[in-house]
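Visitor: Sharing a model prediction with you, sequence too.
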Amino acid sequence: MTGTMLHSGWYLPVFLSELTAEVSPLAIGDRRLVAVRENGRVRIFDGSCPHRGAHLGYGGKLDGNCLVCPFHGKRIVLGDTAKHWHVPEYEVAQWGDAVFVRLSADEDGDRGFSETHKELDAAYPLVAALVQPIAAAADLITENAFDADHFTALHKVPKLAGMQTRPGDHGELAIEGEFLMQTSPWQAERIKEQVRWNTVRTGTVRWDYRARFYARAFSPGLVVTLFGPPENRHVIITAAVPAGSGCVARVAVGVQEDQAEELPVLIAGSLRALAEDRVLWEHLDLGIVPRYDARDAPVIAFRAFCADFGRLP
């Protein structure tokens with residue numbers, strides 16, 4: 001599922017911190033949306049006025065449970081489909097700074113994300129790490145979690161173990177393994193240099209830092225990853241929505257309260273990794289027929305997951 005074809009699952013189209021106005025325009029591919037902030041809650045609706053098609057996100061004014069259209073002043077009721085002038089409302093999930101939305105009521109599109117959100121929300125509040133437009137298909141960004149070999153070749157992770165895919169309990173796709181490193185990637189350089197010196201001195205590589213990698217794709221545009229040892233794990237959300245000839249990627253990071261000092265390093269690491277990936281994504285030859293081999297099994301599984309996902313008309 002590539003290009004601008006929309007699916008029935010969850011998207012991350014905006015961060016709460018990006019919604020600086022009471023009424024804001026949004027877009028997922030060619031789907032025009034409008035976000036309304038009220039009492040700390042975000043609601044998302046179709047963005048087109050049913051009267052003449054004006055975009056309600058550009059100049060629409062909130063008045064009770066209506067948006068006043070900027071074109072002809074019609075009062076457009078929010079979500080009440082029994083009213084003549086109305087716009088439908090979509091399911092929204094707020095998780096820290098992240099605002100997720102589903103464009104379909106088809107329950108198959110949830111794939112267990114709602115349950116995962118409830119499980120992790122309080123312990124791992126999300127903060128925005130990056131928002132970047134990328135000249136590549138949205139599902140290429142989320143495929144990254146299932147491309148095990150790129151972690152070593154591109155991001156220089158010394159060693160991987162496992163990295164096997166399996167279907168989840170709710171139809172999501174999971175990949176699980178370990179990153180084997182000599183030190184934590186956010187440990188002080190002083191400690192890293194001492195470990196390197198000991199390795200050179202003894203001639204033996206010790207994988208003292210074993211980080212569990214557990215990623216789940218809940219839709220072609222949304223992956224939730226738990227990363228780190230059990231006592232120090234964090235959450236990484238990788239998401240992308242189609243936009244024009246490419247997509248807009250968003251990454252969010254969540255840590256427990258006693259890990260807050262690690263957030264700046266984790267965010268910097270996310271920016272660095274995406275910059276490395278972006279060069280490859282934007283210069284792929286999409287005209288070739290891929291020659292997959294056995295090591296590409298997780299990528300093939302992700303591609304099958306995307307192809308099987310419900311599409312919107």
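Guide: Great, that's in hand. Residues are numbered from 1 along each chain as shown.

Visitor: which regions of this protein sit below the pLDDT cut-off?
Guide: Within the chain, the set of residues satisfying pLDDT under 70 comprises 1-4, 182-208.

Visitor: mind listing what the residue nearest the centre of it touches?
Guide: With distances taken as CA atoms, centre = their mean, A239 lies nearest the centre of the chain, 2.0 Å away. When contacts are counted by CB atoms under 8 Å, 6 or more residues apart in numbering, A239 is found next to 11-12, 141-142, 221-223, 249-252. Just so you know, the C-beta spots here come from the backbone N, C-alpha and C atoms, and that holds for glycine as well.

Visitor: Show me those that map onto strands.
Guide: If you go by DSSP state E, these have 11-12, 222-223, 249-252 in strands.

Visitor: Now render those residues as TSV, adding neighbour count.
Guide: Conversion of the ones in strands among the contacts of A239 to TSV gives the following (neighbours: other CB atoms under 10 Å):
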residue	neighbour count
Y11	29
L12	27
L222	25
V223	25
A249	27
R250	25
V251	24
A252	26
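
Visitor: now, among these, which is nearest to L271?
Guide: The shortest gap between L271 and any of the ones in strands among the contacts of A239 belongs to V251, at 8.4 Å (CB to CB).

Visitor: Distance of that closest one relative to V42?
Guide: For V251, the distance to V42 (CB to CB, to the nearest Å) stands at 19 Å.

Visitor: Report the contact partners of A122.
Guide: Applying CB under 8 Å, 6+ apart, no residues qualify as near A122.

Visitor: for W281, that is, sorry about that
Guide: Contacts were defined as CB under 8 Å, 6+ apart; by that measure W281 touches 134-136, 140-141.

Visitor: which residues of the stretch 101-250 of the chain fall in strands?
Guide: 126-134, 159-167, 173-181, 209-219, 222-228, 234-243, 246-254 (DSSP state E, counting those that start in this stretch).

Visitor: Out of these, the one nearest L6 is which?
Guide: Of the strands of the stretch 101-250 of the chain, the one closest to L6 (CB to CB) turns out to be strand 234-243, at 7.4 Å.

Visitor: Can you tell me what sits against the strand or helix carrying F100?
Guide: Secondary structure here is read from DSSP states H and E; on that basis F100 sits in strand 98-102. Taking contacts as CB under 8 Å, 6+ apart, the residues outside strand 98-102 that touch it are 8-16, 19, 28, 33, 35, 42, 44, 90-94, 109-110, 113, 117, 126, 128, 222, 237, 250, 252.

Visitor: can you check stretch 240-249 too?
Guide: With contacts defined as CB under 8 Å, 6+ apart, stretch 240-249 is touched by 3-6, 11-13, 27-29, 130-139, 141-142, 221, 238-239, 250, 274.
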